[in-house]
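J.: Please find the sequence and the predicted model below.
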Amino acid sequence: MTASHARRSAANPAGNVASPAASDMIDMFAKRNPMTSRNRVETVGRLAARFAAAAVKLSVDQQKRLVAHGAALPKLLAQVAAQLDEARKAEDRLQLVPAKPAEISQGEGLGGLLTLEGARGRLSAYAAPINLEDWAGPVAGSTELERDHGVARSTLHAWQKQGAVIGLLKGVRKHVFPLDQFIDGRPIEGLGEVLKVIGEPRTAWLWLREPHPALNGATPLARLKARRAGEVAEAARTNFGQ
């Protein structure tokens, strides 16, 4: 154990999570990307360290929600980057405009404190429920799979226990299964390896359905159907740190 690792271990007792130092992240990216310029590696390493430092400050529930919806993070980060670009451009434009005397005004203030019920009411007005099928595609329960696709319940249960199929919780206890993961009544080859790497079924299915830059813009699910399981497993290990 290095001196820096020892210091971080002493400062973070069991139960706490220490964010990695920028130097550690830079070293990791440098080893994984030996052909990439040092300047690019250092930039990415520092950025990853900042993301990690922000993530460990979140609550466990917040962290789990981000993991469950990890496929949406690239789009959200791109939107943040675009907003920062616009803000920088706005600042550049302001520097070209002659300064005007400041106008003194009085704002409306923060207003009164909301009650818990009032706050929940406002949140519910903004929140829009999303049906599982809207993001997961067509799904079926064990009864429908046996009746319409010839997949016996005992076989489906065995596949789920082995981690060979993805089951999504719908409601409190019922599991449904995305139909796109089956070919001729059997799970696609390589699906189990992806689920093993990612761990969480919802995150795995979201990731499988999103276009991936390392797969030339194809979805990992399409690559599995094209019998490119090795490429998909490697992309999963790269994205999820294994």
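T.: Perfect, thanks for sending it.
J.: got the residue ranges for the strands in the chain?
T.: Assigned by DSSP state E, the chain shows strands spanning 139-140, 168-170, 174-178, 182-183, 186-187.
J.: helices or strands next to the second one in the packing?
T.: Which is strand 168-170. Here strand 168-170 touches helix 132-136, strand 174-178, helix 201-209, going by 3 or more Cβ pairs under 8 Å, 6 or more residues apart in numbering; DSSP states H and E. For every residue, glycine as well, the C-beta is placed using N, CA and C.
J.: Mean neighbour count, those: which tops it?
T.: Of all the helices and strands packed on strand 168-170, helix 201-209 has the most neighbours on average by mean count of other Cβ atoms under 10 Å, namely a mean of 21.
J.: by contact count, what packs against that one?
T.: Packing partners of helix 201-209 (3+ Cβ pairs under 8 Å, 6+ apart): helix 60-68, helix 132-136, strand 168-170, helix 191-198, helix 220-225.
J.: now the ones you listed as CSV including mean pLDDT?
T.: Conversion of the helices and strands packed on helix 201-209 to CSV gives the following (pLDDT from 0 to 100):
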stretch, mean pLDDT
helix 60-68, 74
helix 132-136, 87
strand 168-170, 90
helix 191-198, 94
helix 220-225, 95
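J.: okay if I get those as CSV plus distance to residue 86?
T.: Below are the helices and strands packed on helix 201-209 laid out as CSV (distance: least, Cβ to Cβ, whole Å):
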stretch, distance to residue 86
helix 60-68, 25
helix 132-136, 28
strand 168-170, 37
helix 191-198, 34
helix 220-225, 32
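J.: Now do stretch 74-81, average pLDDT.
T.: On average, the pLDDT along stretch 74-81 is 70.
J.: before we move on, back to that, with respect to residue 43, which of the helices and strands packed on strand 168-170 lies nearest?
T.: Nearest to residue 43, of all these, is helix 201-209, at 24.9 Å by Cβ to Cβ.
J.: List the contacts of the most centrally placed residue in the chain.
T.: Against the mean C-alpha coordinate of the chain, by Cα atoms, centre = their mean, the closest residue is residue 70 at 0.8 Å. Counting by Cβ atoms under 8 Å, 6 or more residues apart in numbering, residue 70 touches 203, 206, 207.
J.: Next: residue 193.
T.: Residue 193 makes contacts with 229, 232, 233, 236, as judged by Cβ under 8 Å, 6+ apart.
J.: Between the two ends of stretch 53-68, what distance do you get?
T.: Taking Cα to Cα, to the nearest Å, stretch 53-68 runs 19 Å from one end to the other.
J.: Any buried residues in it, and which?
T.: Going by neighbour count (16 or more other Cβ atoms under 10 Å), the buried part of stretch 53-68 is residue 67.
J.: Just give me how far it sits from the chain centre.
T.: Relative to its chain's centre, stretch 53-68 lies at 11 Å (Cα atoms, centre = their mean, to the nearest Å).
J.: Repeat that for stretch 171-179.
T.: 21 Å.
J.: Contacts for that stretch, please.
T.: 132, 136-142, 145, 149, 156, 160, 165-170, 205.
J.: buried subset of those?
T.: Buried among the contacts of stretch 171-179 by 16+ other Cβ under 10 Å: 136, 139-142, 145, 156, 160, 165-168, 205.
J.: ok, the nearest residue to residue 22 once chain neighbours are set aside - contacts?
T.: Leaving aside its chain neighbours, residue 22 sits nearest to residue 49 (4.1 Å; criterion: Cβ to Cβ, 6 or more residues apart in numbering). Residue 49 makes contact with 19, 20, 21, 22, 24, 25 under the criterion Cβ under 8 Å, 6+ apart.
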